[in-house]
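Asks: A predicted structure for the sequence below; I have some questions about it.
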Amino acid sequence: MDSAFIDDGYTLDGYIAERHGLHSELQFTYRPLTRREDVALVAAISSLPSNEQGMVDSEQKSAECVAKHLVSWSLKNRAGAAVPISPDNVQRLQPIVAGRLLQIIRGREASDRRPAVTEDPALRDMDAAAKN
């Protein structure tokens, strides 16, 4: 059951669905930001200059926040190797995925629903027959 209270060490499972032609799915576990952490992030970003360097620094702060709050993720590179969680790797995500991750961790957006696992009746029948 979801709760509005964030306990210390509390984690949630998240999911970003595949968008064909843009990115693959991403499953992750994260610690949601508390209100205080969210306010601190917004304040830190708001204090940056409104120029190109300020925008770059804003993205860095956002990536640091995401990396700090991610516990695990299913991200793999093209060779199939697990990609470690780090601010640099968060910044290398497809922009839609990076933005969604930040908004989900901040509690501003819900995760996508994971696709339902459909049970194949033929497999169920074969399993039952094998047990008899």
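Replies: Yep, that arrived. Because the structure is a prediction, the values reported are computed rather than measured.

Asks: only C-alpha atoms from now on, for both contacts and neighbour counts.
Replies: OK.

Asks: so how far is residue 16 from residue 68?
Replies: Look at residue 68 and residue 16: by Cα to Cα, to the nearest Å, they are 19 Å apart.

Asks: looking at the two, which is more packed in?
Replies: residue 16 (21 against 15; other Cα atoms under 10 Å).

Asks: for that one, give its distance to residue 37.
Replies: Applying Cα to Cα to residue 16 and residue 37 gives a distance of 23 Å.

Asks: do residue 110 as well
Replies: Using Cα to Cα, one gets 18 Å for the distance from residue 110 to residue 37.

Asks: just the helices in this protein please.
Replies: 35-46, 52-69, 87-91, 95-106, 121-131 (DSSP state H).

Asks: ok, now which ones touch the most centrally placed residue in the chain?
Replies: Taking Cα atoms, centre = their mean, the centroid of the chain lies closest to residue 101, which sits 4.1 Å from it. By Cα atoms under 8 Å, 6 or more residues apart in numbering, the contact list for residue 101 reads residue 66.

Asks: repeat that for the one 3 residues further on.
Replies: If a contact means Cα under 8 Å, 6+ apart, then residue 104 has 14, 32, 110, 111 as its contacts.

Asks: just checking, the second one touches residue 71?
Replies: So the one you mean is residue 32. No. Counting by Cα atoms under 8 Å, residue 32 does not reach residue 71; the two are 10.4 Å apart.

Asks: settle it for me: which of these two has more neighbours?
Replies: residue 32 (23 against 15).
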